[in-house]
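K.L.:
need the 3D shape of this:
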Amino acid sequence: MRRTSPFAIALTFSAIVLATGCASLQAPPPSAAAALQGVAEAPLTAAQRQQWLDRVTWGATDSEDGQLQRLGLKAWLARQLQPGPRPLPPQAQQRIDQLGISQRPMNEVLLELETQRKAVQEAASADEKATLQQTYQRTLNQLGNDAQKRFVIRALYSPAQLQEQMTWFWMNHFSVSLRKADIRAWVGDYEEQAIRPHALGSFRSLLEASLRHPAMLRYLDNASNAAGRINENYARELLELHTMGVGSGYTQADVQEMARILTGVGISLQPAGTPPPPRMRPERQGDYLRSGFFEFNPNRHDYGPKTFLGQPMHARGMAEVQEALDRIVASPTTAQFIARKLAVFFIADDPPPALVQRTAQAFTRSRGDIAATVAALLADPEAARFGRKFRDPLHYVLAATRLSVDQRVAADVAPVLGWVNRLGQNLYAHETPDGYPQMQSDWASSGQMAARFEVARQIATRSAVLFRTDPADALEKPPYPTLSELASVRQRLPQWSQATQAALAQARNPADWNTYFLSAPEMMFR
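P.N.:
Residues are numbered from 1 along each chain as shown. All right, here's what the predicted structure looks like:
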């Protein structure tokens, strides 16, 4: 007698529960607002506001502190969890509008790149080929750089700070690297079209949006996955890194079956409607799907029977892909994996197991609603352990910059990218698909801390470089803010160690004081 795996039992139970008419399950899933009901209404102290701002935003500022104080914690969190259309400051939006990726749709970008690529192939001489190849690479580099700048502008100035944090979280979770092939051309569109719209929405929708985007399909090679020429790269990472996690119960056979399910899932860069769909057997013509650059081609799909996660697959074609995604997202192991990763991102490297479990339950109850899951995590009593999460380079640089400039809009954010790059976390450039690590042990080496002191000194003494419209222009005087005068700075100091306060007392001038403050051990945590 064949034994049914615990995995299959769990999935079968989930399917039965969803199919029944239980009154409790006919109700809508819990919302983010419901998860915030336990948040206390009492006014926060100044220290508590700083703690919440450092956790939910990219870094506390005086203006954000004033908003939190005015709204109260529950209303402020609700606004962050469901930000709606909250525009950037006009100058910040103008900076984004001036970027090349904001001025041309992807089909025009691809046309230009294809023209440049063909010119390289048809070059009459080696010298001409080298020159044209440099032009092609500059175009790709500019597209990647524009995407990085747009992210930094939003992280610094967007009022929807939690959405910005979650956009980065998911970009790092569903990681692609601009160091591979032409991903530089796609990474901005990937963030804008696949990740950002779902950052606080449905995990199931986010997963499929990532699956359908050319950046992911190219990066993990599923664009070349076809019946008879199976490529398991994306199938493996989808299960291991994106959903269920290592050791969650799936097998190598499940990876192989998922790869077969994903055959035919690819891209088409031809203009919509041209050329016509490929010729195929009449009974499969209805399976052909083209949406934007996404294409499901039945001629490349394995229509054979499959068993995945202990159960046979029932659908065929693209519907089979949908069935597999539903099965993965419904798995308790996916809820557990996502919950722990969120807790590590927001709370601590070693989050309390009970906190992770309750967050996973919120994920399951809300059917993968990200905002409701994050709300449950942030509102959990065991999450009230602040200052335990070590800042990775991106969090550190953005927090220091936000504190220093607040809402004054930078003319050029290239220095911010330079500071982040110096600390080893170049945006969208992690070469392996696991994304940048989040543990303190990954970012707290002596070399990293020495580099952070130098970056702190740059921000503390020369942050005016952000406001130059021309690198040849002289810096304004003084070329730095007076951090000691900011409320968001003064409110921190009573909680800091005597050693740090003694070091600050030895500062000879405001620039030194800024440097000591930004490089203090306490600034390394959020």
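
K.L.:
any chance you could map the strands in this structure?
P.N.:
265-267, 289-291, 294-296, 307-308, 311-312 (DSSP state E).

K.L.:
right, and those - which one's nearest Ala199?
P.N.:
In terms of C-beta to C-beta, the element of the strands of the chain nearest to Ala199 is strand 294-296, at 19.9 Å. Yep, even glycine has a C-beta here, placed from its N, CA and C like the rest.

K.L.:
may I have the strands that pair with the closest one, each with its orientation?
P.N.:
Here strand 294-296 has these sheet partners by DSSP bridges: strand 265-267 (antiparallel), strand 289-291 (antiparallel).

K.L.:
rank these by pLDDT, which is bottom?
P.N.:
For the strands paired with strand 294-296, mean pLDDT drops lowest on strand 289-291, to a mean of 95.

K.L.:
which parts of it are buried?
P.N.:
Leu289 (16 or more other C-beta atoms under 10 Å).

K.L.:
before we move on, what about stretch 468-476?
P.N.:
Arg468.

K.L.:
try stretch 95-110
P.N.:
In terms of neighbour count (16+ other C-beta under 10 Å), stretch 95-110 has its buried residues at 95-96, 99, 101, 106, 109-110.

K.L.:
what separates that stretch from the chain centre, distance-wise?
P.N.:
Computed by C-alpha atoms, centre = their mean, to the nearest Å, the chain-centroid distance of stretch 95-110 equals 21 Å.

K.L.:
which other residues reach that stretch?
P.N.:
Stretch 95-110 has contacts (C-beta atoms under 8 Å, 6 or more residues apart in numbering) with 88, 142-143, 146-147, 149-150, 153-154, 185-186, 188-189, 269, 271, 293, 409-411, 413.

K.L.:
just the buried residues of the residues you listed.
P.N.:
Counted by 16+ other C-beta under 10 Å, these give 88, 143, 146-147, 149-150, 153-154, 185-186, 188-189, 293, 409-410, 413 as buried.

K.L.:
out of those residues, which comes closest to Arg212?
P.N.:
Out of these, the member with the shortest distance to Arg212 (by C-beta to C-beta) is Phe293, at 8.6 Å.

K.L.:
so the closest one touches Pro271, yeah?
P.N.:
No. Look at Phe293 against Pro271 with C-beta atoms under 8 Å: they stay out of range, at 10.5 Å.

K.L.:
skip the chain neighbours and tell me the closest residue to Ile328.
P.N.:
Thr243 (4.9 Å; C-beta to C-beta, 6 or more residues apart in numbering).

K.L.:
and what of Ser177?
P.N.:
Glu431 (5.2 Å).

K.L.:
make CSV from the strands of the chain and add distance to Ala400 to it.
P.N.:
As requested, the strands of the chain are exported to CSV (distance: least, C-beta to C-beta, whole Å):
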stretch, distance to Ala400
strand 265-267, 40
strand 289-291, 42
strand 294-296, 40
strand 307-308, 47
strand 311-312, 51
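
K.L.:
how near is Ala354 to Pro510?
P.N.:
Note on Ala354: its distance to Pro510, by C-beta to C-beta, to the nearest Å, is 46 Å.

K.L.:
more neighbours: these two, which one.
P.N.:
Neighbours were tallied for Ala354 and for Pro510 using other C-beta atoms under 10 Å; the higher tally belongs to Pro510 (17 against 11).

K.L.:
my read is that that one contacts Tyr480, right?
P.N.:
Yes. The criterion here is C-beta under 8 Å, and Pro510 meets it with Tyr480 at 7.0 Å.

K.L.:
give me the low-pLDDT residue ranges for this protein?
P.N.:
1-28, 273 (pLDDT under 70).

K.L.:
determine the longest helix present in it.
P.N.:
In the chain, taking DSSP state H as the definition, the longest helix is helix 126-157.

K.L.:
show me what it is packed against.
P.N.:
helix 90-97, helix 106-121, helix 161-173, helix 183-189, helix 393-405, helix 414-422 (3 or more C-beta pairs under 8 Å, 6 or more residues apart in numbering; DSSP states H and E).

K.L.:
those: which one's closest to Met449?
P.N.:
Of the helices and strands packed on helix 126-157, nearest to Met449 by C-beta to C-beta is helix 393-405, at 10.6 Å.

K.L.:
would you mind getting the angle between the closest one and helix 161-173?
P.N.:
Helix 393-405 and helix 161-173 are oriented at 150 degrees to each other (axes from the mean of the first three to the mean of the last three C-alpha atoms, to 10 degrees).

K.L.:
which positions in helix 393-405 come out as buried?
P.N.:
Under 16+ other C-beta under 10 Å, the buried positions of helix 393-405 are 393-405.

K.L.:
also stretch 506-520?
P.N.:
510-520.

K.L.:
same deal with stretch 29-48?
P.N.:
30-32, 34-36, 39, 44, 46, 48.

K.L.:
got it, and stretch 160-167?
P.N.:
160-167.

K.L.:
could I get those residues as JSON lines with distance to Thr115?
P.N.:
JSON lines is the format used below for the buried residues of stretch 160-167 (distance: C-beta to C-beta, whole Å):
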{"residue": "Ala160", "distance to Thr115": "37"}
{"residue": "Gln161", "distance to Thr115": "40"}
{"residue": "Leu162", "distance to Thr115": "41"}
{"residue": "Gln163", "distance to Thr115": "36"}
{"residue": "Glu164", "distance to Thr115": "35"}
{"residue": "Gln165", "distance to Thr115": "38"}
{"residue": "Met166", "distance to Thr115": "37"}
{"residue": "Thr167", "distance to Thr115": "32"}
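
K.L.:
closest one of those to Gln438?
P.N.:
Gln165 (12.5 Å).

K.L.:
can you give me the helices for the stretch 351-500 of the chain?
P.N.:
For the stretch 351-500 of the chain, the helices defined by DSSP state H, counting those that start in this stretch occupy 353-365, 370-379, 393-405, 414-422, 440-443, 446-462, 487-490, 498-505.

K.L.:
point out the most buried one among these.
P.N.:
Burial of the helices of the stretch 351-500 of the chain is given as mean neighbour count (mean count of other C-beta atoms under 10 Å); helix 370-379 ranks first at a mean of 26.
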